[in-house]
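*Asks:* coordinates only, sequence not included:
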Ligand SMILES: CC(C)(COP(=O)(O)OP(=O)(O)OC[C@H]1O[C@@H](n2cnc3c(N)ncnc32)[C@H](O)[C@@H]1OP(=O)(O)O)[C@@H](O)C(=O)NCCC(=O)NCCS
């Protein structure tokens, strides 16, 4: 039987069928769909939502979000913010897989992002092999640590300052956005959180049945509230047998808040293990402890993937660690081919410019994917060169490019999307 396939934008009136198809393909619980609809309606944007329909039934879903994304700032300065295209809700029903439906939907959404002038598109990938052909590269990583509180030396070796106190979730809902905004600009790779997302994270009416209300703690230093955390006991926790708590977030805008929030967690009685998700790979926590091996990653993997849609805008939009020029010859054989060209980056502490430069001899030849992989500052061009992905035409150009692009802290995203 031939397909009768249509790819088109999805009206909000069709939200339930759209979500049923997406939730099923994501192997989530379809009985939660109705409960989630009021929240999902708040986030709906018809012209950024694509559906694939076969004989009127939804068989594919895709959405993009309009998000602010931190990119490296000039040396020593906070990160800069770029408006980007954030891809999400990508599913194709198992009944219709590998017939090119994703290729058609994502081709359309990337073209729309390019036409809008978004300098880049970002995503978090379910599987590594899906998105390279569309030009995306992993550009930031995250870690899920487990902390063993029973291990000898699982205690802080530095004193905490300021005060910590408990607030209810409604109060944290008021306080958290400003604290999160303060932390966000300390690393590249972080997206902003819109109001509906904050409500979904914290407020009880959006909590799934059976999910526990988190305990919320804030830190107050000399200049006011500057950090918060939230945690909840896992189902297996018991007062006699002990157990594990899940720490949902630790958000600190300065070192004093960071230390004091961890001091609170390491002071909880009865807790044997603490597990966290989506932490930076270079989390400084082990260095705060008498025995840093109490912190062990249970998972480390790729987090944000980046696809450059407008190379000059993306390169001029971030800051650099010094002054210098690099001419890039970029190939782009992936869907859309938006990154191809020869471009001259002129970086200086006060700002950068980037323009097409057909008259120049290139210093580095590489694919758009290789450039996207280093765009947030890590890993280095040297790594890409070791993998055979960058050709150095001018001796010393890789070292010069690394000196400009590298950042002191690894990029990180703490918010799934
Ligand atoms: C991943 C998914 C969206 C792919 O949709 P699809 O319509 O089957 O993809 P397409 O047919 O358009 O495939 C395009 C190309 O990508 C390849 N591809 C797609 N998914 C792949 C995967 N999971 N692993 C490896 N290759 C994959 C196809 O083989 C095809 O290659 P080709 O161009 O060389 O022929 C779909 O399988 C799915 O919904 N999976 C479960 C949910 C999920 O993982 N969603 C992604 C969330 S980030």
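*Replies:* All right, it came through fine. Predicted model only: the values in this text are computed from it and were never measured.

*Asks:* isn't residue 231 up against residue 215?
*Replies:* Yes - assessed by CB atoms under 8 Å, residue 231 is found in contact with residue 215 at 5.6 Å. C-betas here are computed from N, CA, C, even on glycine.

*Asks:* give me the pLDDT for residue 358.
*Replies:* Looking at residue 358, its pLDDT stands at 97.

*Asks:* what sits against it?
*Replies:* Shown in contact with residue 358 (CB atoms under 8 Å, 6 or more residues apart in numbering): residue 342.

*Asks:* could you do the one 5 residues further on as well?
*Replies:* Under the criterion of CB under 8 Å, 6+ apart, the contact list for residue 363 reads 326, 327, 328, 392, 393, 394, 397, 400, 401.

*Asks:* which among the residues you listed end up buried?
*Replies:* Neighbour counting by 16 or more other CB atoms under 10 Å classes 326, 327, 328, 392, 397, 400, 401 among those as buried.

*Asks:* quick check, nearest of those to residue 263?
*Replies:* Nearest to residue 263 out of those is residue 401 (CB to CB; 40.8 Å).

*Asks:* what's the closest non-adjacent residue to the closest one?
*Replies:* Among residues not flanking residue 401 along the chain, residue 381 sits closest, at 4.7 Å (CB to CB, 6 or more residues apart in numbering).

*Asks:* how about residue 264, secondary structure?
*Replies:* What DSSP: H, G, I helix; E, B strand; the rest coil gives for residue 264 is helix.

*Asks:* next: the one 5 residues further on.
*Replies:* Secondary structure assignment for residue 269 (three-state DSSP): coil.

*Asks:* and it, how many neighbours?
*Replies:* 7 (other CB atoms under 10 Å).

*Asks:* against residue 242, how distant is it?
*Replies:* 10 Å (CB to CB, to the nearest Å).

*Asks:* same question for residue 232.
*Replies:* Separation of residue 232 from residue 242 (CB to CB) stands at 15 Å.

*Asks:* what does residue 61 give?
*Replies:* 42 Å.

*Asks:* residue 349 reaches residue 75, doesn't it?
*Replies:* Yes - here residue 349 reaches residue 75: they are 6.5 Å apart, a contact under CB under 8 Å.

*Asks:* sec struct for residue 275, please.
*Replies:* Taking three-state DSSP, the label given to residue 275 is strand.

*Asks:* measure it to the ligand for me?
*Replies:* 23 Å (CB to the nearest ligand atom, to the nearest Å).

*Asks:* number of nearby residues for that residue?
*Replies:* Residue 275 - counted by other CB under 10 Å - has 15 other residues nearby.

*Asks:* that one pairs with what?
*Replies:* Beta-bridge pairing for residue 275 (DSSP bridges): residue 146, residue 246.

*Asks:* now the strands for the stretch 1-150 of the chain?
*Replies:* Assigned by DSSP state E, counting those that start in this stretch, the stretch 1-150 of the chain shows strands spanning 5-9, 49-54, 57-71, 80-92, 120-124, 137-138, 141-148.

*Asks:* relative to strand 80-92, how tilted is the longest one?
*Replies:* So the one you mean is strand 57-71. Relative orientation of strand 57-71 versus strand 80-92 (axes from the mean of the first three to the mean of the last three CA atoms, to 10 degrees): 160 degrees.

*Asks:* is the ligand contacted by strand 57-71?
*Replies:* No - using CB under 6 Å from any ligand atom, strand 57-71 stays clear of the ligand, with a minimum separation of 6.5 Å.

*Asks:* quick check: neighbours shared by residue 349 and residue 75?
*Replies:* In contact with both residue 349 and residue 75: 320, 322, using CB under 8 Å, 6+ apart.

*Asks:* contact partners of the lowest-mean-pLDDT helix or strand in the chain?
*Replies:* Ranking every helix and strand in the chain by mean pLDDT, DSSP states H and E puts helix 33-42 at the bottom, with a mean of 89. With contact meaning CB under 8 Å, 6+ apart, helix 33-42 is reached by 12, 15, 16, 19, 20, 23, 196, 199, 200, 206, 208, 209.

*Asks:* and those residues as TSV, adding distance to residue 55, neighbour count and pLDDT?
*Replies:* Compiled in TSV, those are given as follows (distance: CB to CB, whole Å; neighbours: other CB atoms under 10 Å; pLDDT from 0 to 100):
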residue	distance to residue 55	neighbour count	pLDDT
12	22	12	97
15	20	17	97
16	18	13	96
19	19	21	97
20	16	15	97
23	21	19	96
196	33	16	93
199	37	14	93
200	33	18	89
206	34	17	79
208	33	9	75
209	34	8	73
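
*Asks:* greatest separation within the residues you listed: which pair is it?
*Replies:* Spanning the widest gap among the contacts of helix 33-42 are 12 and 209, at 25.1 Å by CB to CB.

*Asks:* quick one, which of residue 231 and residue 215 is more surrounded?
*Replies:* Using other CB under 10 Å as the criterion, residue 231 and residue 215 rank with residue 231 on top: 23 against 19.

*Asks:* I am finished for the moment; much appreciated.
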